[in-house]
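Student: next comes the sequence, and after it the predicted model I'd like to discuss.
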Amino acid sequence: MSQTKTKSPDFHSLQAEKIASEASVQESYKEIIQADQDQNKARANQLAILPEEAKKNIVVASQYSSYFPNPITKPFMRKYILAKLEFPTKGSELAQSLTELNVRIDNLFNDAYTYHKAELEAQELQVEMEELYEKLEGAETDLQRRKLEIQIQKKGLEQKNKEYSLNKIKLAAMARYNEAMGWKGCVEDLMNEMGVQSLEDVDFNRIRLDEMEGKIKIWGELAAKNQLEMTPSKFQAVMSNQDAFTEGYVKGEEHVRQLQHAQAQAQLQHKK
């Protein structure tokens, strides 16, 4: 009997599926933002501490709320956070990206716990209000009724506040999710640049050694350009790997010579 071979999905179909999945997530994010803005508008209308015109202005301003206007994107991560001065090797960039990714995933688990806890607390406050309503029906004096009514109002305020916080937790979680996906992208890009298919192919035991050697080389380059501020910890590292420092210093000297030559050529051209 001939066996039917199942085709594995090609690269383009996987990319299309990935793009569609991310588009769906971002659409859900927009819905969370819209829900929070609607919530803010409703709360603004109840701002008893403000005059009516001020309430209206806050309602209008609510259309600009609920956004995280300064996200940390993958290009920012690669250019500034994973800067060569601090992470001079691909391995050190990868290790830091994994660390950042793991932190955000752990924080998302904490967000989920906080959200569920706030949900339960809101339900608990609702039950406590129902108990107070039962007591209110059996109140024997006007004073008892007034006291119970105040307690009910206070519980109601707490319960509403808990419900309002749920969208805020979702918003923070989505912003954290986007950052996590940025770091995931860094991990995948760096694995590709390193030519590895799996993290099992990475020698993590070498990363710190290679990272420090890379830093010492850069310090050597900076020293040749009179741009290095030597500290006791740097001096100790340099003395532990003088060959790397010398290699960097020679490279820095060559760069200085090239720069001086270019400047001299530019001056000659200017004089002609």
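Tutor: That came through fine.
Student: got a pLDDT number for Tyr67?
Tutor: pLDDT, Tyr67: 81.
Student: now do the one 3 residues further on
Tutor: Among the per-residue scores, Asn70 shows a pLDDT of 84.
Student: same question, Lys30
Tutor: Note for Lys30: predicted pLDDT of 88.
Student: before we move on, what about Ser13?
Tutor: Note for Ser13: predicted pLDDT of 72.
Student: and the helix or strand harbouring it, what's buried?
Tutor: In the assignment (DSSP states H and E), Ser13 maps to helix 11-44. Using 16 or more other C-beta atoms under 10 Å as the test for burial, helix 11-44 gives Tyr29, Ile32, Ile33, Asp36, Gln37, Gln39, Asn40, Lys41, Ala44. For glycine as for every other residue, the C-beta is placed from the backbone atoms N, C-alpha and C.
Student: residues touching the third one, list them.
Tutor: Ile33 is in contact with Ser66, Tyr67, Leu171, counting by C-beta atoms under 8 Å, 6 or more residues apart in numbering.
Student: any idea where the helices of the stretch 151-272 of the chain begin and end?
Tutor: Taking DSSP state H, counting those that start in this stretch, the helices of the stretch 151-272 of the chain run over residues 204-224, 232-240, 242-271.
Student: give the contact list for the residue sitting nearest the centre point of the chain.
Tutor: Of all residues in the chain, the one closest to the mean position by C-alpha atoms, centre = their mean is Glu179, 3.4 Å from it. With contacts defined as C-beta under 8 Å, 6+ apart, the neighbours of Glu179 are Pro71, Ile72, Glu100, Arg104.
Student: what helix or strand does the residue lying closest to Phe87 once chain neighbours are set aside sit in?
Tutor: Leaving aside its chain neighbours, Phe87 sits nearest to Glu93 (4.7 Å; criterion: C-beta to C-beta, 6 or more residues apart in numbering). Assigned by DSSP H and E, Glu93 belongs to helix 90-137.
Student: now for that helix, which elements pack on it?
Tutor: helix 142-194, helix 204-224 (3 or more C-beta pairs under 8 Å, 6 or more residues apart in numbering; DSSP states H and E).
Student: mean neighbour count, the ones you listed: which tops it?
Tutor: Burial of the helices and strands packed on helix 90-137 is given as mean neighbour count (mean count of other C-beta atoms under 10 Å); helix 204-224 ranks first at a mean of 18.
Student: packing partners for that one?
Tutor: helix 90-137, helix 232-240, helix 242-271.
Student: which other residues reach stretch 130-138?
Tutor: The contact list for stretch 130-138 (C-beta under 8 Å, 6+ apart) reads Arg145, Leu148, Glu149, Gln151, Ile152, Lys155.
Student: okay, the residues you listed in TSV with distance to Glu254 and pLDDT next?
Tutor: Converted to TSV, the contacts of stretch 130-138 look like this (distance: C-beta to C-beta, whole Å; pLDDT from 0 to 100):
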residue	distance to Glu254	pLDDT
Arg145	89	93
Leu148	84	94
Glu149	83	95
Gln151	79	95
Ile152	79	95
Lys155	74	95
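Student: redo those residues as JSON lines? Include distance to Ser13.
Tutor: JSON lines is the format used below for the contacts of stretch 130-138 (distance: C-beta to C-beta, whole Å):
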{"residue": "Arg145", "distance to Ser13": "68"}
{"residue": "Leu148", "distance to Ser13": "64"}
{"residue": "Glu149", "distance to Ser13": "63"}
{"residue": "Gln151", "distance to Ser13": "60"}
{"residue": "Ile152", "distance to Ser13": "58"}
{"residue": "Lys155", "distance to Ser13": "54"}
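Student: which ones are touching the closest residue to Ala122 other than its chain neighbours?
Tutor: For Ala122, ignoring the flanking residues on the chain, the nearest one in space by C-beta to C-beta, 6+ apart is Lys162 at 3.9 Å. Counting by C-beta under 8 Å, 6+ apart, Lys162 touches Ala118, Glu121, Ala122, Leu125.
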